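Visitor: I'll drop the sequence and a predicted model, then ask my questions.
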Amino acid sequence: MAMLGTYFDTPFDPNRRLQHQIQERLIEAILAGVWPLHEPLPSTRVFSRAISVSRNTIAIVYERLTEDGYLKSVSRRGYFINERHIREQLNVRIDERAKDILPAAERPLDFDRLLTHRFSAQQNIQKPADWQAFKFPFIYGQLTADKLSVTRWRDCVRMAGTAQHAQTWIGDLVDRDDPMLVDQIIRRMLPQRGFRAAPDEILVTVGAQNALFLAAQLFCGPGVRADVEEPGYVDARNIFRALGAELRAHKVDSNGMRVGDNLKGASLVYVTPGHQSPTNVTMSMERRIRLLAQAETHDFLIIEDDYEHELNFVGAQKPSLRSFDRTGRVIHVASLSKALFPGLRLGFIAADRRIVRELRALRRLMYRHPSALDQRAMAIFLSEGHYDSHIRRQRQILSGKWKKMFRLIETHLPECHATMTTGGSAVWLRLPEGISAADLEERAARQGLLIEAGDVHYCSAEKPLNRIRLGFGAITEEKMEPGIKLLGRLVSELS
């Protein structure tokens with residue numbers, strides 16, 4: 001065991017399966033050549049005692065490594081490293097003579113000359129990877145874990161892996177989607193948004209962001225004018241600009257984006273009518289109808305990003321723009337995972353079948369289709385009612401937090417103005433004049449308070465610098481008041 005000791009000195013991660021961690025470390029040791037090929041590995045009894053785990057766990061690890069070809073079982077002698085398999089794993093030959101063919105002088109890569117677009121130079125929302133380490137994470141786009149939904153999702157993934165469903169995802173779908181998921185979207189998701197669609201009017205995507213990029217790739221380019229909200233979704237703006245489109249911004253007020261004849265000349269109008277990004281206001285019915293009328297009059301397309309449709313807490317749910325679309329001008333973009341597990345990355349587009357046909361062909365060139373296994377698991381999750389149950393729980397939790405946020409802001413941030421909304425998972429806050437949101441964000445971070453400065457959401461040169469967004473989906477309810485109190489003290493210090 002001494003030869004393997006260094007690979008098992010580090011404590012095991014309690015959040016990961018012990019068996020998998022032992023297997024990973026043992027493979028690493030085998031490939032590093034620390035164990036002689038002619039000697040059997042330590043017995044299950046010796047190994048289990050040495051690293052303080054059950055003997056059965058080591059036996060399972062040995063069996064799995066034998067199935068995978070790393071080990072071979074020799075009767076009455078034990079488990080030996082499979083020399084042939086290891087040689088195949090490590091047998092990478094380099095022909096030294098090939099190096100002599102290259103010129104003597106190395107020519108450095110002229111990266112800047114070859115680069116056609118510098119995406120890293122775009123202005124983006126900065127979200128720290130270690131946001132969970134912050135004591136008060138008022139971060140947007142993250143959620144506290146719903147343990148019941150995690151368990152049910154795991155069950156659905158397991159069910160998707162059974163013989164009954166495996167044939168639907170083992171093969172390459174090429175440019176198709178899982179028919180069961182498409183059917184569930186049509187029957188369970190669309191009625192809540194006020195419209196219907198045929199299967200050939202639905203395209204599954206790797207999240208709503210990917211859906212937006214696909215649509216923009218189809219309709220944006222040099223000479224194309226794309227109109228956006230101000231303030232608005234940063235990555236939508238970045239996508240349109242990266243594809244060469246000219247941007248025109250339209251102010252947002254308490255009823256959503258202002259709609260008028262100044263939309264004339266646009267080829268594409270991008271809106272977030274359900275919960276406007278980043279202010280969270282809901283577009284009024286009057287403006288929705290006016291926007292559709294303008295689209296018909298001036299002949300432009302509308303991308304409706306309905307990324308947070310389910311999280312409405314006041315009044316009846318407003319039907320989507322797509323539900324009033326008479327001419328096929330609305331491209332409806334939605335997320336299947338944002339309100340469930342943001343990291344899952346599943347979404348869909350509902351649009352005119354001619355548009356979907358082109359999007360499908362484009363998607364095939366990019367990545368063919370989203371994971372067929374994930375699609376089938378999501379289809380099962382929807383069909384068994386788990387998604388609806390999750391949304392009901394999430395709506396109840398978030399509506400309580402939403403009400404509490406406005407009470408806390410009124411109590412501890414009286415000099416600030418919160419934009420009133422009918423739902424969502426964040427609050428848009430105007431700080432007192434003269435306070436820099438960027439300075440506040442930096443000071444807050446040093447005290448474990450994570451907030452988001454809002455100036456990044458504006459594309460005009462003259463933008464307010466005293467706006468912040470406070471996401472409340474990821475922070476626990478008991479931490480909300482001390483977090484807002486701390487924010488109030490920091491605002492007072494800067495006033």
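Guide: Arrived safely, thanks for sending. Numbers count the residues shown, from 1 in each chain.
Visitor: going forward, measure contacts between C-alpha atoms and count neighbours the same way
Guide: Will do.
Visitor: pLDDT (mean, whole number) over stretch 423-437?
Guide: Average pLDDT, stretch 423-437: 95.
Visitor: what residues does it touch?
Guide: Applying C-alpha atoms under 8 Å, 6 or more residues apart in numbering, the contact partners of stretch 423-437 are 140, 275, 278-280, 308, 311-314, 398-399, 402, 405, 415-419, 453-455, 465-473, 491, 494-495.
Visitor: what does stretch 190-200 give?
Guide: Contacts to stretch 190-200, defined as C-alpha under 8 Å, 6+ apart, come from residues 182-183, 186, 309, 318-320, 322-323, 350, 353, 356-357.
Visitor: List buried residues within the residues you listed.
Guide: V182, D183, I186, H309, K318, P319, S320, R322, A350, R353, V356, R357 (16 or more other C-alpha atoms under 10 Å).
Visitor: Find the nearest non-adjacent residue to the fourth one, please.
Guide: So the one you mean is H309. G274 (6.0 Å; C-alpha to C-alpha, 6 or more residues apart in numbering).
Visitor: I'd guessed that neighbour sits against T282; true?
Guide: Yes - in terms of C-alpha atoms under 8 Å, G274 counts as a neighbour of T282; the distance is 5.1 Å.
Visitor: the more surrounded of those two?
Guide: Between G274 and T282, counting by other C-alpha atoms under 10 Å, G274 is the more crowded of the two (29 against 24).
Visitor: Make sure the more buried one is indeed in a helix.
Guide: No - counting by DSSP: H, G, I helix; E, B strand; the rest coil, one finds G274 to be coil, located in no helix.
Visitor: Look up how far A121 lies from it.
Guide: Look at G274 and A121: by C-alpha to C-alpha, to the nearest Å, they are 30 Å apart.
Visitor: again, but for S267
Guide: For S267, the distance to A121 - C-alpha to C-alpha - is 26 Å.
Visitor: more neighbours, these two?
Guide: Relative neighbour count places S267 above the other of S267 and A121, with 20 against 7, counting by other C-alpha under 10 Å.
Visitor: all helices of the stretch 151-300 of the chain, in order?
Guide: Ranges of helices within the stretch 151-300 of the chain are 163-166, 179-184, 190-193, 207-219, 234-242, 285-298, based on DSSP state H, counting those that start in this stretch.
Visitor: Name the residues of the last one that come out as buried.
Guide: Buried residues in helix 285-298, counting neighbours by 16+ other C-alpha under 10 Å, are found at R287, R288, L291, L292, Q294, A295, E296.
Visitor: can you tell me how far the second one sits from H38?
Guide: Think R288. 76 Å.
Visitor: likewise H412?
Guide: H412 sits at a distance of 72 Å from H38 (criterion: C-alpha to C-alpha).
Visitor: Look at those two and report which has more neighbours.
Guide: Higher neighbour count among H412 and H38: H412, with 18 against 9, using other C-alpha under 10 Å.
Visitor: wait, what's in contact with the more buried one?
Guide: I484, K485, G488.
Visitor: Go through these and give me the one with the most neighbours.
Guide: I484 (21 neighbours).
Visitor: Next, that one: secondary structure please.
Guide: helix.
Visitor: correct me, but it touches E410?
Guide: No - if you go by C-alpha under 8 Å, I484 and E410 don't touch, sitting 10.2 Å apart.
Visitor: Quick check: A339 touching I391?
Guide: Yes - the criterion here is C-alpha under 8 Å, and A339 meets it with I391 at 7.3 Å.
Visitor: what do those two both touch?
Guide: The contact lists of A339 and I391 share E310, where a contact means C-alpha under 8 Å, 6+ apart.
Visitor: These two: who's more crowded?
Guide: Counted by other C-alpha under 10 Å, A339 and I391 do not tie: A339 has more neighbours, with 22 against 16.
Visitor: Flag every buried residue along the lengthiest helix in the chain.
Guide: Of all the segments assigned as helix in the chain under DSSP state H, the longest by residue count is helix 386-412. By 16+ other C-alpha under 10 Å, the buried positions in helix 386-412 come out as 386-388, 390-391, 394-395, 398-399, 401-402, 405-406, 408-409, 412.
Visitor: Report the mean per-residue pLDDT for that helix.
Guide: Helix 386-412 comes out at a mean pLDDT of 95.
Visitor: Would you tell me what the next helix or strand after it is?
Guide: Beyond helix 386-412 in the direction of the C-terminus, DSSP states H and E gives the next helix or strand as strand 417-418.
Visitor: Can you give the strand pairings for the helix or strand that that next one is followed by, parallel or anti for each?
Guide: The first helix or strand that comes after strand 417-418 along the chain, using DSSP H and E, is strand 426-430. Strand pairing for strand 426-430, using DSSP bridges, gives strand 417-418 (antiparallel), strand 467-471 (antiparallel).
Visitor: Buried deepest among these, which one?
Guide: strand 467-471 (a mean of 24; mean count of other C-alpha atoms under 10 Å).
Visitor: So what angle separates the directions of it and helix 386-412?
Guide: On the basis of axes from the mean of the first three to the mean of the last three C-alpha atoms, to 10 degrees, strand 467-471 is oriented at 130 degrees to helix 386-412.
Visitor: hmm, what's the outermost residue in this protein?
Guide: R76 (51.7 Å; C-alpha atoms, centre = their mean).
Visitor: what about it, which SS state?
Guide: The three-state label given to R76 by three-state DSSP is coil.
Visitor: Is V314 in a helix, a strand, or coil?
Guide: Put simply, V314 is coil when judged by three-state DSSP.
Visitor: Measure how buried the nearest residue to it once chain neighbours are set aside is and give me the count.
Guide: Among residues not flanking V314 along the chain, T422 sits closest, at 5.0 Å (C-alpha to C-alpha, 6+ apart). Counted with other C-alpha under 10 Å, the neighbours of T422 add up to 18.
Visitor: got the contact list for T422?
Guide: T422 neighbours (C-alpha under 8 Å, 6+ apart): V281, T282, N312, F313, V314, G315.
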